[in-house]
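J.: with the input below, show me the fold.
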Amino acid sequence: MERGAGGAHRQGSPAAGDRVFVAVDEVNGGSTLLWALRNLAKEDTMIAVAHVHCPPQSIPVTGVQVHHTKMDPQVVDAYRKKELVRVEQKLDEYDLICRRQMGQKVRLPSSHLL
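T.: Take a look at the predicted model:
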């Protein structure tokens, strides 16, 4: 039986061997993940974390937002690579939360983020 954080399929506590899918963002991701671990996950539950991220259409340049189509593609690429590093750091935080709470590693290889 599969369950997701947020209650879409909450019909009681998951049984051992269940999977819990948790979609996280950068603002409330840690608290969402903790809630799912405490309320849905058991010892043998597989935890799958999905970080939902859409690259911004506008990029900050000297205090103003500039649409990516009006910028040098190399600048846009460099900005998005920095964002990817930031996302990787967030996923490391979420992984640490899971390790502390459940003793599980949940990270996907970074190639799955692209």
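
J.: I'd like the next helix or strand past the helix or strand of the chain with the lowest mean pLDDT.
T.: The weakest-scoring helix or strand in the chain, judged by mean pLDDT, DSSP states H and E, is strand 2-4 (a mean of 46). With elements assigned by DSSP states H and E, the helix or strand that comes after strand 2-4 is strand 19-24.

J.: show me what contacts the most centrally placed residue in the chain?
T.: For the chain, the residue nearest the mean C-alpha position is His51 (2.3 Å; Cα atoms, centre = their mean). Residues in contact with His51 (Cβ atoms under 8 Å, 6 or more residues apart in numbering) are Ala23, Val24, Asp25, Glu26, Gly29, Val87, Lys90, Leu91, Tyr94, Leu113. Bear in mind the C-beta positions are built from the backbone N, C-alpha and C, glycine included.

J.: now the buried members of these.
T.: In the contacts of His51, burial by neighbour count holds for Ala23, Val24, Gly29, Lys90, Leu91, Tyr94, counting by 16 or more other Cβ atoms under 10 Å.

J.: now, which of those residues sits nearest Ile47?
T.: Lowest distance from Ile47 to the buried ones among the contacts of His51 (Cβ to Cβ) belongs to Tyr94, with 9.5 Å.
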